[in-house]
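**Q** structure of the sequence below:
(2 chains, ligands or ions: 2)
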Number of protein chains: 2
Amino acid sequence: MPKLNEHYQDLKESYLFSEIAHRVSAYSEAHPDANIIRLGIGDVTLPLGSLAIGGLHEGVNAMASAETFKGYGPEQGYEFLRKAISEYYARNGAEVEPADIFISDGAKSDTGNISELFSNDNVILIPDPVYPVYVDSNLMGGKHVTYISGNAENDFLPMPDPSVHADIIYLCSPNNPTGAVYNKAQLKEWVDYALANDAVILFDSAYEAFVSDPELPRSIYTIEGAKKCAIEFCSLSKTAGFTGTRCGYTVVPRELVFTASNGKEMSLHAMWNRRQCTKFNGTSYIIQKGASAVFSEEGMKQCQENIHYYQENARIIAETLKKKNIRFFGGVHSPYIWFECPDGMESWEFFDYLLNNAQVVGTPGAGFGENGKNYFRLTSFNNHENTIEAMKRFEKLF
Amino acid sequence: MPKLNEHYQDLKESYLFSEIAHRVSAYSEAHPDANIIRLGIGDVTLPLGSLAIGGLHEGVNAMASAETFKGYGPEQGYEFLRKAISEYYARNGAEVEPADIFISDGAKSDTGNISELFSNDNVILIPDPVYPVYVDSNLMGGKHVTYISGNAENDFLPMPDPSVHADIIYLCSPNNPTGAVYNKAQLKEWVDYALANDAVILFDSAYEAFVSDPELPRSIYTIEGAKKCAIEFCSLSKTAGFTGTRCGYTVVPRELVFTASNGKEMSLHAMWNRRQCTKFNGTSYIIQKGASAVFSEEGMKQCQENIHYYQENARIIAETLKKKNIRFFGGVHSPYIWFECPDGMESWEFFDYLLNNAQVVGTPGAGFGENGKNYFRLTSFNNHENTIEAMKRFEKLF
Ligand SMILES: Cc1ncc(COP(=O)(O)O)c(C=O)c1O
Ligand SMILES: Cc1ncc(COP(=O)(O)O)c(C=O)c1O
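**A** Ligands and ions are numbered 1, 2, ... in the order given. Modelled structure (predicted):
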């Protein structure tokens, strides 16, 4: 009989979104006339820009004739896209060479698969609350996880504790679900800590395009020394509306070389390359054509129009919370607004309260970790009119 | 310092295709006028059919307006595609429910990732020679592999040894690189062996669409009992020319339930679902639209036209080998032709011989395992004219 990977038994049932769907549908069955507004969505809603659409059609057309047809491409992604991303980095103040960039079908795959490169006896720090993939992918592999606490005292931006050693550190900035963003000084503290500990930072910048303050770091590689200690994950999902189109990229600098127990040097870049060449056959040429259109200056301008639309929604939500004197996090350089549930409610309790009394759906913070259990996430991904209407109801309620 | 996954040190440097490229470019530099013909290609060359192209454009168009825009889809794939594949199975004589089908970006990802579901103390059988992903993905995870020998005596179709126990068995039919295909009786022997051993068969049918004899199994689910012991991987890469477009699918029957060491039941279907939901964000909607057009009856007719073109090339290669009394394998229900190198040559030696004396490029069997070291693979993926010309040269040479 096959012996199965029993670490899967260590996973908590992931019922967040199914439970939300379940409660919403029960409510709307009982109240068929209710106009329910969903501010729980962690997914873009605006269509792709015309340049991305043009690039995708071009990619499809190439497949239609023998002269331009594309079969297997490089597992690392096409040079034209790696170069376009390198140039995008340069415009944002970070120097990243095309050769260090790996194109993929999205940041969930890469943030999930990266743990394969490490053995099971590392001290792995993961923020709480955070995007659940980091924890689950590590548990699946039989790894142990040490939580670092995000809380109101540290503005949901956990900082290193120099007295504690770590080997691997996950950071997510702008953060999902809290919307909190590290500034350069804070990120430098993490980089310095990682260099001092010979640790690796796994930096998820999936929401970097929402950062509008040029003083805030959109890439960890704007911090000195980061290439010696950090892998960065990014995605076109929120940058360009590619959640259903699928494209991401991961930077693994060739500087990341460590010594194995037998004294041999092992390069994380070479290992990731080998991992991708063995278990991944490259991202669709069609999608890469669309992605490269996104990274042109004009393409990025179109993306920014959509992002501004979401940012305006975030501003409306933030204004309402301010008016009601509810302290919140995020909402400026992020599509997410995170706040403590009023009256000491737990997050699922508040979920029901908000649904029942305002017909507004959000996301219970408990879905993102222990520290989220009294918090709530609203998102700016619904449309303008619904966001305004939801906030009107919210104002009345409190 | 992070402890890296040192099992990566157990991997052999994978230099097959880079070494081929290196030797070919050295030759063509020395002989700039040589007309080199590549019959080493493991990749389709004909453009996609018009229905697939239409489906892809439709998918792109959906992304262009808010009403039809698609964000995150189900990690398992859209129901419309899972249904279309289920119907395709039915037309080929196998009953597979949509709920057991998982859509992915290709069979390399799935055949590579599946080993995560198993612990490291299994007896794992892998044919030699075979597609290298099975071995490498297991070694990367620290697993041990037992080779089962494909050789001229068993027509490169290794059969079970009832006196030896196994837990996990990889099979690939039609095989890459040998082109050999199990018949129903042989496959039944494997299914019966797996059931007797409570083992799991990981069946790779990436080349099933090349099977033209209705008596030969295109799916392991045409064999009784297979749903209790087999996972099947398939791909649109060779079926529909999607090598650069990227779409595959994997069937994990809900019947596959095993008992863990603590007595709890664990379902491979549930585990694969959890794996995909944690580390994969679904296949691009655009690509799934193209794929669903492929699985219409008309779409599949277009695919078969391309496959017939390749089959005719295979026939030409096979005829030449027959004429020269060289025993070969494959070439009928497969794009691959596999034969012993003449005069006891090793496969790299023969590679050089063929390049130098006929300007024809093939693939040395050594790249697919120990048992391939005196064998050679030619493929039918070049065009008709080049295939004929290559075979003329071949005839003259021998
Ligand atoms: C922090 C974070 N990282 C990564 C992802 C995954 O992005 P992708 O769509 O590229 O898989 C998400 C998606 O919600 C996310 O919130
Ligand atoms: C036997 C076999 N399985 C799987 C694959 C991978 O196919 P895909 O393109 O779907 O990743 C190949 C590709 O060459 C193959 O030969």
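**Q** now do the buried residues in stretch A:327-335.
**A** A:Phe328, A:Phe329, A:Gly330, A:Gly331, A:Val332, A:His333, A:Ser334, A:Pro335 (16 or more other C-beta atoms under 10 Å in any protein chain shown). Where C-beta positions appear, they are placed from N, C-alpha and C, glycine not excepted.
**Q** is it positioned near ligand 1?
**A** No: contact of stretch A:327-335 with ligand 1 (C-beta under 6 Å from any ligand atom) is absent, the minimum separation being 9.5 Å.
**Q** list the residues that contact the residue of the stretch 201-350 of chain A found nearest ligand 2.
**A** Scanning the stretch 201-350 of chain A for proximity to ligand 2 using C-beta to the nearest ligand atom identifies A:Asn281 as nearest, at 3.9 Å. Contacts of A:Asn281 were listed using C-beta atoms under 8 Å, 6 or more residues apart in numbering or on different chains, and they are A:Tyr72, A:Glu75, B:Asp105, B:Gly106, B:Lys108, B:Ser109, B:Ser237, B:Thr243, B:Arg246.
**Q** out of those, who has the most neighbours?
**A** B:Arg246 (31 neighbours; other C-beta atoms under 10 Å in any protein chain shown).
**Q** distance of the residue lying closest to that residue once chain neighbours are set aside relative to ligand 1?
**A** Spatial nearest neighbour of B:Arg246, excluding adjacent residues (C-beta to C-beta, 6 or more residues apart in numbering or on different chains): A:Ser284 at 4.3 Å. A:Ser284 sits 14 Å away from ligand 1, going by C-beta to the nearest ligand atom, to the nearest Å.
**Q** wait, A:Ser284 touches B:Gly248, no?
**A** No: applying C-beta atoms under 8 Å as the test, A:Ser284 and B:Gly248 come out as separate, 11.9 Å apart.
**Q** circling back: and the buried residues of stretch A:327-335 as CSV, adding secondary structure?
**A** Shown next, in CSV, are the buried residues of stretch A:327-335 (DSSP: H, G, I helix; E, B strand; the rest coil):
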residue, secondary structure
A:Phe328, strand
A:Phe329, strand
A:Gly330, strand
A:Gly331, coil
A:Val332, coil
A:His333, coil
A:Ser334, coil
A:Pro335, coil
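**Q** which secondary element of chain A has the worst mean pLDDT?
**A** helix A:16-30 (a mean of 92; mean pLDDT, DSSP states H and E).
**Q** among the contacts of A:Asn281, which are in reach of ligand 2?
**A** B:Gly106, B:Lys108, B:Ser237, B:Thr243.
**Q** residues touching A:Lys188, list them.
**A** A:Ile223, A:Glu224.
**Q** which of the helices or strands spans it?
**A** helix A:184-197 (DSSP states H and E).
**Q** and the residue of the stretch 1-150 of chain A nearest chain B?
**A** At 3.1 Å from chain B, A:Gly112 is the closest residue in the stretch 1-150 of chain A, using C-beta to the nearest C-beta.
**Q** following the helix or strand that residue falls within, which helix or strand shows up next?
**A** For A:Gly112, the host element (DSSP H and E) is helix A:107-113. Following helix A:107-113 in sequence order, the next helix or strand is strand A:124-128 (DSSP H and E).
**Q** can you give me the helices in chain A?
**A** In chain A, the helices defined using DSSP state H lie at A:16-30, A:50-62, A:79-91, A:107-113, A:133-140, A:184-197, A:236-240, A:268-279, A:285-294, A:297-323, A:347-358, A:384-397.
**Q** mind listing what the residue nearest to the spatial centre of chain A touches?
**A** Against the mean C-alpha coordinate of chain A, by C-alpha atoms, centre = their mean, the closest residue is A:Ala206 at 3.9 Å. Residues counted as contacts of A:Ala206 (C-beta under 8 Å, 6+ apart) are A:Ala107, A:Cys172, A:Asn176, A:Phe233, A:Cys234, A:Ser235, A:Ser237, A:Lys238, A:Gly248.
**Q** so the second one touches A:Pro132, yeah?
**A** This points to A:Cys172. No: using C-beta under 8 Å, A:Cys172 is not in contact with A:Pro132; the gap is 11.1 Å.
**Q** more neighbours, the two?
**A** A:Cys172 (26 against 19).
**Q** could you check how far the closest residue to the more buried one other than its chain neighbours is from B:Ala180?
**A** Leaving out its chain neighbours, the residue that sits closest to A:Cys172 by C-beta to C-beta, 6+ apart is A:Asp204, at 4.3 Å. Distance from A:Asp204 to B:Ala180, counting by C-beta to C-beta, to the nearest Å: 45 Å.
**Q** repeat that for A:Leu216.
**A** With C-beta to C-beta as the criterion, A:Leu216 and B:Ala180 are 59 Å apart.
**Q** now A:Met345, nearest residue through space, not along the chain?
**A** A:Tyr353 (6.5 Å).
**Q** that neighbour and A:Glu346 touch, don't they?
**A** No: counting by C-beta under 8 Å, no contact exists between A:Tyr353 and A:Glu346, whose distance comes to 10.3 Å.
**Q** so A:Asp204 and B:Ala180 - more neighbours on which side?
**A** Under the criterion of other C-beta under 10 Å, the comparison of A:Asp204 against B:Ala180 puts A:Asp204 first, with 27 against 23.
**Q** does ligand 1 have contacts with stretch A:231-250?
**A** Yes: judged by C-beta under 6 Å from any ligand atom, stretch A:231-250 comes into contact with ligand 1 at A:Ser235, A:Ser237, A:Thr243, A:Gly248.
**Q** can I get stretch A:136-156 as PDB, trimmed to CA atoms?
**A** Provided in PDB are the C-alpha atoms of stretch A:136-156 (Å, rounded to 0.1, in the frame of the first residue of the first chain):
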ATOM      1  CA  ASP A 136       0.100  25.600   4.300                       C
ATOM      2  CA  SER A 137       2.800  24.900   1.700                       C
ATOM      3  CA  ASN A 138       5.300  24.500   4.500                       C
ATOM      4  CA  LEU A 139       3.100  22.300   6.700                       C
ATOM      5  CA  MET A 140       2.400  20.100   3.600                       C
ATOM      6  CA  GLY A 141       6.100  19.400   3.300                       C
ATOM      7  CA  GLY A 142       6.500  18.500   7.000                       C
ATOM      8  CA  LYS A 143       8.200  21.800   7.900                       C
ATOM      9  CA  HIS A 144       7.700  23.700  11.200                       C
ATOM     10  CA  VAL A 145       6.700  27.300  11.300                       C
ATOM     11  CA  THR A 146       7.300  30.100  13.800                       C
ATOM     12  CA  TYR A 147       4.800  32.900  13.700                       C
ATOM     13  CA  ILE A 148       5.800  36.500  14.000                       C
ATOM     14  CA  SER A 149       3.000  38.600  15.400                       C
ATOM     15  CA  GLY A 150       1.400  41.400  13.400                       C
ATOM     16  CA  ASN A 151      -0.800  43.400  15.700                       C
ATOM     17  CA  ALA A 152      -2.100  46.900  16.400                       C
ATOM     18  CA  GLU A 153       1.000  47.800  18.500                       C
ATOM     19  CA  ASN A 154       3.400  47.200  15.600                       C
ATOM     20  CA  ASP A 155       0.900  48.500  13.000                       C
ATOM     21  CA  PHE A 156       0.700  44.900  11.700                       C
END
